[in-house]
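**Q** Need coordinates for the following:
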Amino acid sequence: QVQLAESGGGLVQAGGSLRLSCADSRHTFRFYHVAWFRQAPGKEREFVAAISGPGGRPLYAESVKGRFTISRDDAKNTVYLQMNSLNPEDTAVYYCAAEMSLSSLTTTAETYDYWGQGTQVTVSS
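**A** I've put the predicted structure just below:
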């Protein structure tokens, strides 16, 4: 059973940066695709970024391309989301999600079987 633990959220001013982490205690985490989604108040959950496992191929939503970078450190069983040039529209609860890498990397939330509890990111103007 994959158990995802997110960390790194917080309050930051517009233009600032945060790095989110998503960790699993099992060494087989490297065989999972991992994605980040976010949900702002009153809005639907939306895809942010994903990374394949193994291989580490990234995929980004258009709204974060060039600002966010997803990466993974398989030695630490951790996936990171580096978020730069944050703006108030990035304010949301961010969730990491994982699925066994049996198929292609996807942006669809329903394909991910395991979810973290979420971490709040708030960007002030």
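**Q** Can you tell me the SS state at E89?
**A** helix (DSSP: H, G, I helix; E, B strand; the rest coil).
**Q** Quick check: it vs K43, distance?
**A** Using CB to CB, to the nearest Å, E89 is found at 10 Å from K43. Bear in mind the C-beta positions are built from the backbone N, C-alpha and C, glycine included.
**Q** for V64, same thing?
**A** The gap separating V64 from K43 is 15 Å, by CB to CB.
**Q** Neighbour count for these two, which is higher?
**A** Of the pair V64 and K43, V64 is the one with more neighbours under other CB atoms under 10 Å, namely 22 against 9.
**Q** Shouldn't the more buried one be within a strand?
**A** No: under the criterion used here (three-state DSSP), V64 is coil, not part of a strand.
**Q** and it, what does it touch?
**A** 48-49, 83, 90 (CB atoms under 8 Å, 6 or more residues apart in numbering).
**Q** Of these, which pair is most distant in space?
**A** A49 and D90 (12.2 Å; CB to CB).
**Q** residues near W36, how many?
**A** 26.
**Q** Test my guess that A92 contacts R38.
**A** Yes: contact criterion CB atoms under 8 Å: A92 and R38 qualify, at 3.8 Å.
**Q** list the residues that contact both of the two?
**A** Counting by CB under 8 Å, 6+ apart, the contacts common to A92 and R38 are V121.
**Q** and the gap between the most centrally placed residue in the chain and S125?
**A** Central residue of the chain (CA atoms, centre = their mean): W36, 2.5 Å from the mean position. Shown here: W36 relative to S125, a distance of 23 Å by CB to CB.
**Q** mind listing what A98 touches?
**A** 2, 4, 22, 24, 29, 32-35, 112-114.
**Q** Report how many residues lie close to the nearest residue to N77 once chain neighbours are set aside.
**A** In space, and not counting its chain neighbours, N77 is closest to F29: 4.3 Å by CB to CB, 6 or more residues apart in numbering. Residues near F29, counting by other CB under 10 Å, number 21.
**Q** F29 and P54 touch, don't they?
**A** No: using CB under 8 Å, F29 is not in contact with P54, being 10.4 Å away.
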